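A.B. asks: after the sequence you'll find the predicted model.
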Amino acid sequence: MILDDARVTFADIWQGDFDIVVASYTTIMYQHKRLKGFKRYMSIWKQCGKDVADRVAEKETLPTKRPTLSVFTALLEILACRIPTKVLDEAHTVSKWAGVKRAAVKALLAFSVNLLTGTPCANHWFEILNTADLLPYEFPKTRAEWFTVFAPDQADQRHKAPNLVEFSNVVRYLLPFTFGRTIDLLELPGIIYEPRVEFELSAEKSELTLWLIDKFLRCVRMGAEEGEANEEEKNTAMAYCTKVNGTRTLRLRHTLTSYLPTCRPNKSRVFRVSPHTHQSKSGRSRTSLSTSNAYGHCLRRQFCKNRANWKTVQLKKTHP
Amino acid sequence: MRHARHTLGGSLNIDEMGLGKTTQAIDDIYGDIRCENDAFNLVLTEKSVLIPWAKEGERSYKQVSELVSAATLSGVC
């Protein structure tokens, strides 16, 4: 259920028997603000009487009746149930220590909290502590206590980077709460490594391979500019590029980068690299290579069986 | 992760963009729905991603339902 209407009560949600209720931070903030206003009105009423409370309510636009609240309700206690899981998506947005949003989120009682964030530290290293404070069983209650425990030397220099011991303390504290990616259990996309074109060449074949690469690139240039190339040459060069093995590793990227301006000086060339397609018995990955033009597309269809693993790499055009 | 949530009361899922934080959270929620007397699980997001969250939840719910029904038919549950 999407909770975007302020008139929806907790009873409506309870009768609907929903498993998950998705609400925005804005809705929660609005309801929490209304609840705090009503509590302030009642407090003034108890201390100063109804007339004074009404005047203050009119001046500060406080609600004089208990507002309709969806999640801030005493029914959770009356029915002896509690929200099982509270998921905070983009948890770094509630990391402002004295923020209204943070107060509203912390006022929601739940058995467990699941914080999702991709940027735990936006500007300063201690922002991770602000996010971790949203966990229910934290022991420091104030920001000063955080620094007393984790970075006592920086209590007056909070913008300074932590030393190794201080950062190690933070990591050790967060370790039980942080979980790794269960890549074996869930079908998640793989980790994207930095694409790098590598060929394993034996020492005696390196000169020959460079000559073949030169021929291959010349074939590509011919295929792109003239529309045709010698089939034997391009098959030999491409097959050698995809099947070479040995002990000496040659970083082909720099070599290709130096060749590229001679191939197509006015346009940058896109190479497709598949680091996961070929795995040798020794565990080293061998990569294959082709270009993105029409000629390269034909070669790619010929040599690549699993196109899903192919990634696009934009090589910088740098003149040698 | 379940240990972290039940023993420590919470978990912190830090990952890069597009690597499955939302999927993991939804999978975790559906994996824990057991008791009918429990209240609803609450997901708080930005207003702009309310609809994607709901769609992702419905999609995962269908997958979980299919898995549960398949397990029931095969006599596992």
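C.D. replies: Yes, it's here.

A.B. asks: residues contacting the closest residue to A:Arg40 other than its chain neighbours?
C.D. replies: Closest residue in space to A:Arg40, ignoring its immediate chain neighbours: A:Leu62 at 6.0 Å, by C-beta to C-beta, 6 or more residues apart in numbering or on different chains. For every residue, glycine as well, the C-beta is placed using N, CA and C. If you count contacts by C-beta atoms under 8 Å, 6 or more residues apart in numbering or on different chains, A:Leu62 has them with A:37-38, A:40-41, A:56.

A.B. asks: now do the strands in the chain.
C.D. replies: Picked chain A for this. Using DSSP state E, the strands of chain A run over residues A:2-3, A:20-24, A:83-88, A:110-117, A:198-201, A:248-251, A:270-273, A:278-279, A:285-286, A:289-291, A:311-314.

A.B. asks: should've been chain B
C.D. replies: B:10-14, B:41-45.

A.B. asks: let me have the ones you listed in a markdown table, extended by mean neighbour count and mean pLDDT.
C.D. replies: A markdown table is the format used below for the strands of chain B (neighbours: other C-beta atoms under 10 Å in any protein chain shown; pLDDT from 0 to 100):
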| stretch | mean neighbour count | mean pLDDT |
| --- | --- | --- |
| strand B:10-14 | 24 | 80 |
| strand B:41-45 | 25 | 86 |
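
A.B. asks: okay, the ones you listed in CSV with distance to chain A next?
C.D. replies: Listed next are the strands of chain B as CSV, based on distance: least, C-beta to the nearest C-beta, whole Å:
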stretch, distance to chain A
strand B:10-14, 4
strand B:41-45, 4
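
A.B. asks: out of the contacts of A:Leu62, which is most surrounded?
C.D. replies: A:Tyr41 (21 neighbours; other C-beta atoms under 10 Å in any protein chain shown).

A.B. asks: what sits closest to that residue if chain neighbours are left out?
C.D. replies: Per C-beta to C-beta, 6+ apart, closest to A:Tyr41 is A:Leu62, 4.5 Å.

A.B. asks: try A:Asn169
C.D. replies: Spatial nearest neighbour of A:Asn169, excluding adjacent residues (C-beta to C-beta, 6+ apart): A:Phe150 at 5.0 Å.

A.B. asks: per-residue pLDDT of that neighbour, please?
C.D. replies: Per-residue pLDDT puts A:Phe150 at 74.

A.B. asks: any chance of the strands of chain B in a markdown table, plus distance to A:Tyr173?
C.D. replies: Formatted as a markdown table, the strands of chain B follow (distance: least, C-beta to C-beta, whole Å):
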| stretch | distance to A:Tyr173 |
| --- | --- |
| strand B:10-14 | 11 |
| strand B:41-45 | 24 |
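
A.B. asks: neighbours of the residue nearest to A:Leu69 when sequence neighbours are not counted, just the number please.
C.D. replies: Excluding its sequence neighbours, the residue lying closest to A:Leu69 (C-beta to C-beta, 6+ apart) is A:Gln31, at 5.0 Å. Using other C-beta under 10 Å, A:Gln31 has 23 other residues around it.

A.B. asks: before we move on, what's the pLDDT of B:Ser65?
C.D. replies: Looking at B:Ser65, its pLDDT is 63.

A.B. asks: repeat for A:Ser202
C.D. replies: Confidence score, pLDDT, at A:Ser202: 61.
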